[in-house]
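# no sequence on this one, just coordinates:
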């Protein structure tokens with residue numbers, strides 16, 4: 001695994017060292033399937049820190065991948081641990097994007113199978129807890145869910161908006177009561 005990470009670092013350094021880039025590359029966490037080299041925050045930090053280029057802007061955190069790799073996004077204490085690792089090893093300024101998707105498989109399954117928002121193992125309650133954290137509220141989100149028809153996107157977007165608008169209202173209530 002360390003050899004594969006070294007190869008990835010060397011390859012990214014070579015590619016990023018060629019020419020000028022108008023956009024930055026983001027590294028994404030993986031689900032921990034066989035051969036994955038970036039399923040933990042520490043793995044991502046090692047690759048990010050090893051590439052000698054400003055062309056890598058940061059990371060994209062994928063919720064399904066994180067859950068499948070063992071980060072329980074449904075429990076405040078495990079979210080605390082995840083966010084502590086992000087801050088310690090990478091920094092929130094380097095978290096540029098979140099892929100918002102549910103997981104068809106159980107926590108720690110190490111299998112990348114995206115599910116519709118709220119219909120998987122993370123669930124609506126889990127997303128309310130995860131996205132309710134102040135540290136990640138301003139990070140842009142992209143839905144990355146299964147799509148058999150345009151209706152799937154519309155349904156996932158409606159559920160995502162409901163989850164996120166409920167969080168905003170809850171945080172406004174807290175601010176008003178303070």
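The structure has been received and is ready for your questions. What you see is a predicted model; the values in this text were computed from it and never measured. Numbering: from 1, shown residues only.
# Helices of the protein, residue ranges please.
Under the criterion DSSP state H, helices of the chain are mapped to 2-16, 41-50, 63-69, 76-85, 123-131, 150-177.
# Reformat those as CSV; add distance to residue 26.
Any C-beta I mention is one placed from the backbone N, CA and C, and that applies to glycine too. Converted to CSV, the helices of the chain look like this (distance: least, C-beta to C-beta, whole Å):
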stretch, distance to residue 26
helix 2-16, 12
helix 41-50, 10
helix 63-69, 13
helix 76-85, 18
helix 123-131, 19
helix 150-177, 20
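# Could you say which of these is packed most deeply?
Most buried of the helices of the chain, by mean neighbour count (mean count of other C-beta atoms under 10 Å): helix 63-69, with a mean of 26.
# which strands and helices sit next to that one?
strand 95-100, strand 102-103 (3 or more C-beta pairs under 8 Å, 6 or more residues apart in numbering; DSSP states H and E).
# what comes up buried for the longest one?
Residues of strand 95-100 classed as buried under the neighbour-count rule (16 or more other C-beta atoms under 10 Å) are 95, 97-100.
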